[in-house]
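[1] Using only what follows, build the 3D model:
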Amino acid sequence: MKTRLRGVIHGKLIELEQDAGLPGGQLVAVTLETLPATTTILNADARESLRRAAGAWSDDPEGLERFLELNRQQRHANRPEITE
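    Predicted coordinates:
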């Protein structure tokens, strides 16, 4: 059986992104391939923090829209005029 899984190295341990589906104690061979930093797996604490932050506006969609519109206006206010 050959399966490709992603994980994060913690010293001599590898934390897999998903369950390998193998019983504990199963002997396996591991080939390592490094991935770009942009594809790293978030740890459980980081995932939970991201979930909480993303859900902060869930009870105030109008407030979120006002905030996003203010951001858009501020970005456009500081842009130089494009001339051809």
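
[2] got any ranges where the chain has weak pLDDT?
    38-44, 47, 50-51 (pLDDT under 70).

[3] can you pull out the strands in it?
    Ranges of strands in the chain, per DSSP state E, are 7-10, 13-16.

[4] Nearest approach to Glu62 belongs to which of the ones you listed?
    strand 7-10 (39.1 Å; C-beta to C-beta). (C-beta placed from N, C-alpha, C; glycine too.)

[5] Partner strands of that closest one and their direction?
    strand 13-16 (antiparallel) (DSSP bridges).

[6] Figure out how far the strand it pairs with is from the centre of its chain.
    17 Å (C-alpha atoms, centre = their mean, to the nearest Å).

[7] All the helices of this protein, residue numbers only.
    44-54, 61-77 (DSSP state H).

[8] Kindly reformat those helices as a markdown table containing distance to Gly7 and mean neighbour count.
    Listed next are these as a markdown table, based on distance: least, C-beta to C-beta, whole Å; neighbours: other C-beta atoms under 10 Å:
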| stretch | distance to Gly7 | mean neighbour count |
| --- | --- | --- |
| helix 44-54 | 14 | 10 |
| helix 61-77 | 35 | 10 |
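
[9] okay, these in a markdown table with distance to His10 next?
    Formatted as a markdown table, these follow (distance: least, C-beta to C-beta, whole Å):
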| stretch | distance to His10 |
| --- | --- |
| helix 44-54 | 13 |
| helix 61-77 | 36 |
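
[10] Out of the strands of the chain, flag the one nearest Gln74.
    Of all these, strand 7-10 sits nearest to Gln74, with 36.8 Å by C-beta to C-beta.

[11] circling back: out of the strands of the chain, flag the one nearest Pro23.
    strand 13-16 (14.4 Å).

[12] re earlier: columns mean neighbour count and distance to Arg52 on top of the strands of the chain, output as CSV?
    Formatted as CSV, those follow (neighbours: other C-beta atoms under 10 Å; distance: least, C-beta to C-beta, whole Å):
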stretch, mean neighbour count, distance to Arg52
strand 7-10, 12, 21
strand 13-16, 11, 22
